[in-house]
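Asks: please work out how this folds:
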Amino acid sequence: MEETVIAALLETYDFDLPLLDVIEDPASDERQRKLASISLKQGLDGGYYESRQLADLTLGVASDNDLGLDMLESKAAQDLMELIACPACHYQRSLHEAVADLTFVEALAYFRWLADLMGNRADMYRVIQATGAAMPALPNA
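Replies: Residues are numbered from 1 along each chain as shown. Alright, predicted model coming up:
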């Protein structure tokens with residue numbers, strides 16, 4: 001009986017719920033709300049891997065900056081610029097634009113936060129699958 005109730009609840013799960021929680025939480029800062037809003041309806045795996053890629057590239061740029069490399073000399077900066085210039089990378093470009101006025105270290109903190117949130121969001125797929133419940137509608141499916 002209890003398993004049936006849990007399965008019924010999971011069948012109606014909204015994968016965007018973690019993002020909506022951030023958007024509605026008064027404790028979230030404006031930038032977190034903006035990043036969460038941009039991430040609504042992104043696919044589960046794509047949303048995670050694309051936000052993680054942006055975090056990783058930003059880490060590389062921040063590291064190169066700390067080493068005193070000019071941004072024209074930084075392979076990470078070149079890779080980041082190529083990524084956000086790519087017409088097919090609208091999601092990542094939008095995320096980058098939301099933090100473009102911050103330092104690399106500040107932007108990195110936001111991107112890591114978002115990648116963790118998107119990872120937890122994607123993990124719910126496996127949780128629901130493990131229960132045997134019918135899979136709810138997937139974002140961007």
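Asks: all contacts plus neighbour counts: C-alpha atoms, from now on.
Replies: Fine.
Asks: can you pull out the helices in the chain?
Replies: Assigned by DSSP state H, the helices in the chain fall at 2-11, 17-24, 30-39, 44-66, 75-85, 90-99, 104-131.
Asks: same list, the ones you listed, but as a markdown table with mean neighbour count and mean pLDDT please.
Replies: Listed next are these as a markdown table, based on neighbours: other Cα atoms under 10 Å; pLDDT from 0 to 100:
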| stretch | mean neighbour count | mean pLDDT |
| --- | --- | --- |
| helix 2-11 | 13 | 78 |
| helix 17-24 | 16 | 97 |
| helix 30-39 | 18 | 98 |
| helix 44-66 | 20 | 95 |
| helix 75-85 | 17 | 94 |
| helix 90-99 | 18 | 97 |
| helix 104-131 | 18 | 94 |
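Asks: those helices: which one's closest to residue 140?
Replies: helix 44-66 (8.3 Å; Cα to Cα).
Asks: quick one: work out the angle between that closest one and helix 30-39.
Replies: 140 degrees (axes from the mean of the first three to the mean of the last three Cα atoms, to 10 degrees).
Asks: just checking, what packs against helix 44-66?
Replies: helix 75-85, helix 90-99, helix 104-131 (3 or more Cα pairs under 8 Å, 6 or more residues apart in numbering; DSSP states H and E).
Asks: and of these, who's closest to residue 49?
Replies: Closest among those, once you apply Cα to Cα, is helix 104-131, at 7.7 Å.
Asks: and that closest one with helix 44-66, angle?
Replies: Inter-element angle recorded for helix 104-131 and helix 44-66: 160 degrees (by the same axes, to 10 degrees).
Asks: dump the helices and strands packed on helix 44-66 into CSV; add distance to residue 64 as well.
Replies: Below are the helices and strands packed on helix 44-66 laid out as CSV (distance: least, Cα to Cα, whole Å):
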stretch, distance to residue 64
helix 75-85, 8
helix 90-99, 18
helix 104-131, 10
